[in-house]
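> I would like to see how this sequence folds:
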Amino acid sequence: MWKRIAAYYRECDEEQLAVLRNPALAAQAPAGWRRFIACKLAEMSPQEREELHRFSSTVRTSTVLFAVLKLLVVLSVLGFLSNLAFLPSRPWWHTVVAANAIGITLAFSLFGVWFNYGKIVRAKGKALVTIIGLGLLGGLFGALTAMFEKGDQWAVLLDKLPKIVVIVTLVVTALVAIPVIVVAVLRNRHYQLQAEQLRRDAEQERLARELSETQLRLLRAQIEPHFLFNTLGAVQQLAEQGAPRAAELTAHLIDFLRASMSDMRCEQVALATEFALVDSYLRVMQIRMGDRLRYRVDLPDALAATRVPSMLVLTLAENAIKHGIEPSLQGGEIAVTAHDDGGTIRIGVRDSGVGMSDTPGAGLGLDNVRHRLRLAYGEGACLLLSEAEPGLLAEIAIPCKEPQCA
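Take a look at the predicted model:
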C-alpha cells in the first residue's frame, strides 16, 4: 500500500515538473484535481514556473508532507501553551485547532503566493476578500461546532455572530491577508527589478555587439587599401623592370585579389580559406623578391574548417615580409603553420629575417590583429611574439570550438 502511495506521489511530482517545463502538457494530465493543478501551473508566468521548477526539483512531495507534519506538531504545542497562559477556562483542543488552522492557512498561503505572486498583485482586492471569506467560513464552522458541543440554541449563535465576524475578520486580516499581500507585492517588485536588470543587460550586450561589429568593419576598412597598394606596387615594380615573370605574377595577383576582395567583407572565414589567401599572397611576393624569399604553408586537414577572423593570418604574413625578410640582405624563409595544442589552436607565422631586435616597430598591422582578437574572443585569445633565432615567430592562440577541432 505504501509503495503504491509513494509511486502515486512520484508520478504527480514528475507530471508537475513536466508541466512547469512545458505548459502545453497541462491538457494531457488526468482529469480531476490533477488537471486542475496542472492548468494552474500552466497559467503562471515563465519566471514563476522557473522558480517553482527549481524548488520542486530539489524538494519532493514526501519532503513537503514531512515538513507539514512537523509544522502541525509545533502549532499544536503553541496552541496548548497559549491555552494554558491566556485561555485556561476554554477547552485546550479549541486553541490547538485554532492555532493549527491559522498556522497552516498562513503557511500554505505564503507558499502559494511565493511562487504565484503575479496573480495576487494583479487582483489584490479579490485576494483580500477571498482570504477573509475563507476565514469567516472557518470561524463559522468553529462556532457551529462549539454550539453543538455545548448544546446551545441558534439564538445564542446569532447573538454572538457579529462579534465572531469582527474578531475573525481582524485576526485573518492581520495574521494572513496582510502578510500574504505584502509578500506578493515584495516578490513582484523583486521580479520587476530583476526583469528590468535583464532588459538592461540585454540592451548593453546588444550595444556592445553593435560596437564590436562597427569596430571590426573599421579595422577591415583599414586593411583593404593597405593590401591593394602593396600588391599594385609589386606589379608596377616588375613592369618597370621588364621582368619576364610578369604574366605569372599577374595570374597570382588576380587569384590573390579575387580571394581577398571576398574575404575582406566576411567577419570570419575557414582557416583553409585564410591559408589559401596567404599562399596566393606569398606567391606574388616570391615572384617579386625572387630567390630572397622562400616559404611553406602547412595546415592540418583537421583544422581546415576552423573559423577565424578574416585577413588575420595574412596580416602576420605581410608583417613578416615587411619587417623580417625585406630588411635582410640574404632574405629568408617564411613558415605558416597551425596545430591543435590541447584545446587551443595555435597559428604561427615564422620568418628567418632580421628578428625582433632590428624590427623598426610593431606598426598598425599587429595592433590591428590584437584588437580584432580581443573583439572576437575577449580574453580567450592572444598574439605572442618571440625570437626564432634567426627571425621572429608571431603566434596566434585562439580557443578551439567543437566540432571544428574534433
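
> what kind of secondary structure is residue 126 in?
helix (DSSP: H, G, I helix; E, B strand; the rest coil).

> against residue 200, how distant is it?
In this view, residue 126 and residue 200 are 33 Å apart by Cβ to Cβ, to the nearest Å. Yep, even glycine has a C-beta here, placed from its N, CA and C like the rest.

> what average pLDDT does stretch 170-184 get?
Mean pLDDT, stretch 170-184: 80.

> may I see the buried residues of that stretch?
Within stretch 170-184, the residues that count as buried by 16 or more other Cβ atoms under 10 Å are 172-173, 176-177, 180-181, 183-184.

> so which of the residues you listed are in helices?
Mapping the buried residues of stretch 170-184 onto helices (DSSP state H) picks out 172, 180-181, 183-184.

> out of those residues, the closest to residue 41 would be?
The nearest member of these to residue 41, counting by Cβ to Cβ, is residue 184 at 17.5 Å.

> other SSEs contacting the helix or strand harbouring residue 338?
Take DSSP states H and E as the rule and residue 338 turns out to sit in strand 332-340. Other helices and strands packing on strand 332-340, by 3 or more Cβ pairs under 8 Å, 6 or more residues apart in numbering; DSSP states H and E, are helix 271-289, strand 293-298, helix 312-320, strand 344-351.

> so what's residue 193 up against?
By Cβ atoms under 8 Å, 6 or more residues apart in numbering, residue 193 lies in contact with nothing.

> also residue 169?
Contacts of residue 169 (Cβ under 8 Å, 6+ apart): 132, 135-136.

> and it, how far from residue 162?
Distance from residue 169 to residue 162, by Cβ to Cβ: 11 Å.

> ok, now residue 45?
41 Å.

> quick one: which of these two has more around it?
Higher neighbour count among residue 45 and residue 162: residue 45, with 14 against 9, using other Cβ atoms under 10 Å.

> the more buried one touches residue 121, doesn't it?
No: look at residue 45 against residue 121 with Cβ atoms under 8 Å: they stay out of range, at 11.0 Å.

> phi, psi of residue 194?
Main-chain dihedrals, residue 194, degrees, to the nearest 10: phi -70, psi -40.

> for it, what are its contacts?
Residue 194 is in contact with residue 47, counting by Cβ under 8 Å, 6+ apart.

> quick one: buried residues of stretch 107-127?
Across stretch 107-127, burial judged by 16+ other Cβ under 10 Å covers 109, 113-121, 127.

> can you pick the most crowded of the contacts of residue 169?
For the contacts of residue 169, the largest number of neighbours (other Cβ under 10 Å) sits with residue 135, at 23 neighbours.

> model confidence over the helix or strand hosting residue 369, on average?
Using DSSP H and E, residue 369 maps to helix 363-377. Mean per-residue pLDDT for helix 363-377: 78.

> what's the helix or strand just after it packed up against?
Once the chain leaves helix 363-377, the next helix or strand it forms, by DSSP H and E, is strand 382-387. Applying 3+ Cβ pairs under 8 Å, 6+ apart, one finds that strand 382-387 makes contact with helix 363-377, strand 392-399.

> of all the ones you listed, which lies closest to residue 38?
Residue 38 lies closest, by Cβ to Cβ, to one member of the helices and strands packed on strand 382-387: strand 392-399, at 43.5 Å.

> tell me the angle the closest one makes with strand 332-340.
Put simply, strand 392-399 runs at 20 degrees to strand 332-340, going by axes from the mean of the first three to the mean of the last three Cα atoms, to 10 degrees.
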